[in-house]
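Novice: Give me a 3D structure for the following:
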Amino acid sequence: MVKGELLEFKTDKQKILYYKLTEKLRCLVCQNKNLANSKNELSLDMRNKTYELILKNKSENDII
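Specialist: Alright, predicted model coming up:
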């Protein structure tokens, strides 16, 4: 997660999944950075989409 992002989750399970996925998934622009550590605008969009899908109770496989 990039500093300054404040996200609210309904459950701890959702929060854990978000952090797991943003650490696992790579920025398409940076490639050497994961979504959690990239400050690229595309990574922000991808983090937001990940968050949105988690709140919709999508599975890890669905999100990936």
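Novice: And residue 14, how far from residue 39?
Specialist: Distance, residue 14 to residue 39, by CB to CB, to the nearest Å: 24 Å. Bear in mind the C-beta positions are built from the backbone N, C-alpha and C, glycine included.
Novice: swap that for residue 22, sorry
Specialist: The value you get for residue 22 to residue 39, if CB to CB is used, is 13 Å.
Novice: Near residue 13, how many residues? Count them for me, please.
Specialist: Neighbourhood size, residue 13 [other CB atoms under 10 Å]: 11.
Novice: Toward the C-terminus, what is the element adjacent to the helix or strand harbouring it?
Specialist: Residue 13 is part of helix 12-24 when elements are defined by DSSP states H and E. Heading C-terminal from helix 12-24, the first helix or strand you meet, by DSSP H and E, is helix 41-55.
Novice: And for stretch 10-23, what's in contact with it?
Specialist: By CB atoms under 8 Å, 6 or more residues apart in numbering, the residues outside stretch 10-23 that reach it are 1, 7, 9, 34-36, 47, 50-51, 54-55, 60, 63-64.
Novice: follow-up on the earlier one: and residue 14 and residue 39? Which one has more around it.
Specialist: residue 14 (16 against 11).
Novice: Against residue 28, how distant is the more buried one?
Specialist: Distance, residue 14 to residue 28, by CB to CB: 24 Å.
Novice: Could you do residue 44 as well?
Specialist: Per CB to CB, residue 44 is found 12 Å from residue 28.
Novice: who's more crowded, the two?
Specialist: Each of residue 44 and residue 28 has its neighbours counted (other CB under 10 Å); residue 44 has more, 15 against 12.
Novice: Now for residue 30: which residues touch it?
Specialist: Neighbouring residues of residue 30 by CB under 8 Å, 6+ apart: 38, 40, 43.
Novice: In TSV: those, plus pLDDT.
Specialist: TSV is the format used below for these (pLDDT from 0 to 100):
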residue	pLDDT
38	91
40	89
43	91
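Novice: Could you export those to JSON lines, including columns for neighbour count and distance to residue 18?
Specialist: Listed next are the contacts of residue 30 as JSON lines, based on neighbours: other CB atoms under 10 Å; distance: CB to CB, whole Å:
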{"residue": "38", "neighbour count": "23", "distance to residue 18": "15"}
{"residue": "40", "neighbour count": "15", "distance to residue 18": "18"}
{"residue": "43", "neighbour count": "23", "distance to residue 18": "14"}
